[in-house]
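> what follows is a predicted protein model with its sequence.
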Amino acid sequence: MMSLCRNLAVLLLFLIASPLPHSHLFTHATSTTAPATRPRIIFLTGFGSEGDDDDDDDDDDDDYEKPTVLTQVVKSVQNTLVHQAPKLCHYDFCLENQEPCGQISAKTGCLCPGVSGGDQPPHSPRIQELVPITRGGDRGKIEIRWCAPSSVVTGYKVLIEGGEVLEFEDVSRRGLVRSMEVGTNVCVEAVNSAGHSIPSDFSCMRYEHPESSDHKLLAGIIGGGVALLLVLIIAAVILWKHQMRKKAKRDSANGLGNPSYSTEGTL
């Protein structure tokens, strides 16, 4: 009896100590139970690197300070740009014998107006006026005045209808030409190493002598006076006819008012 109890106790201890039954049962339970899936939750604690949980307080303080620093930097850049804003050069395209705008810019740091390069044909200059000279040694000649284009220019040419061509320097803005007939077409061309400008409506002008304009004005005044005189004559004739009609009606009404009146005598 004692040996039987001893054998049972040894068998029970063997079963308890042996890992095989438990491993088999655990494997079976795992294979028969459906795995539970849960959504992964990601927590964003800041813009710092991972593993800096101990420095959360320091990062929060830095986040509060960053906008202030950024604002100061932006204001500093804006102030710098305002103080360093470039200015346009004082350069007049219609003024003669000026210092080139490039030299003015090199001295003062100003900005020249947009100018096409010397590797491109220049834009057309603009004629201001054609003025006849009435006094001095150049009396009878005509002065041409123009404005430079926004291009690199090495010289100018004045082309007069009929084939005459006159050349002027790049700093010139006016030139004297011979006397010409009213209605003659005059053009100014800008020239550089790449070619010359194309004639346009504002780079060409027809010569109109001031005397011809005065003659036109005088002719207009005379024509207007004649027209006014004709209108007055017509109005006077119409008024005279109207008065004559009124008088005829009045005389006719006076004759019909006395029936006993007769040119042959008394009835």
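Done, it's in.
> ok, now how distant is the residue nearest to E169 when sequence neighbours are not counted from E189?
Distances taken as C-beta to C-beta, 6 or more residues apart in numbering place G155 nearest to E169, at 6.1 Å, with adjacent residues excluded. Just so you know, the C-beta spots here come from the backbone N, C-alpha and C atoms, and that holds for glycine as well. Look at G155 and E189: by C-beta to C-beta, to the nearest Å, they are 9 Å apart.
> which of those two has more neighbours?
Each of G155 and E189 has its neighbours counted (other C-beta atoms under 10 Å); E189 has more, 22 against 15.
> I'd assumed C187 was in contact with S203.
Yes. Under the contact definition of C-beta atoms under 8 Å, S203 touches C187, with a separation of 5.8 Å.
> what do those two both touch?
Taking C-beta atoms under 8 Å, 6 or more residues apart in numbering as the contact rule, the neighbours common to S203 and C187 are I127.
> and D119, how many neighbours does it have?
A count of nearby residues for D119, using other C-beta under 10 Å, gives 9.
> for Y91, that is, sorry about that
A total of 17 residues lie near Y91 under the criterion other C-beta under 10 Å.
> how about the contacts made by the nearest residue to it once chain neighbours are set aside?
Closest residue to Y91 apart from its sequence neighbours, by C-beta to C-beta, 6+ apart: C101 at 4.5 Å. Contacts were defined as C-beta under 8 Å, 6+ apart; by that measure C101 touches C89, Y91, C112, P113, V115.
> quick one: pLDDT of the closest residue to D119 other than its chain neighbours?
Nearest residue to D119 in three dimensions, chain neighbours excluded: A194, at 5.5 Å (C-beta to C-beta, 6+ apart). Among the per-residue scores, A194 shows a pLDDT of 91.
> buried ones among the contacts of C101?
Neighbour-count burial (16 or more other C-beta atoms under 10 Å) applied to the contacts of C101 gives C89, Y91, V115.
> my guess is the first one meets A106, correct?
Read that as C89. No. Checked against C-beta under 8 Å, the pair C89 and A106 is beyond contact range at 10.3 Å.
> if we can go back for a sec, nearest to L229, of the buried ones among the contacts of C101?
Taking C-beta to C-beta as the measure, Y91 is the one of those closest to L229, at 56.9 Å.
> quick one, what contacts that closest one?
Under the contact definition (C-beta under 8 Å, 6+ apart), the residues listed for Y91 are Q98, C101, I104, C112, P113.
> of these, the lowest pLDDT goes to which?
For pLDDT, the smallest value among the contacts of Y91 belongs to P113: 77.
> may I have the secondary structure class of that one?
State at P113, reduced to three classes by DSSP: H, G, I helix; E, B strand; the rest coil: coil.
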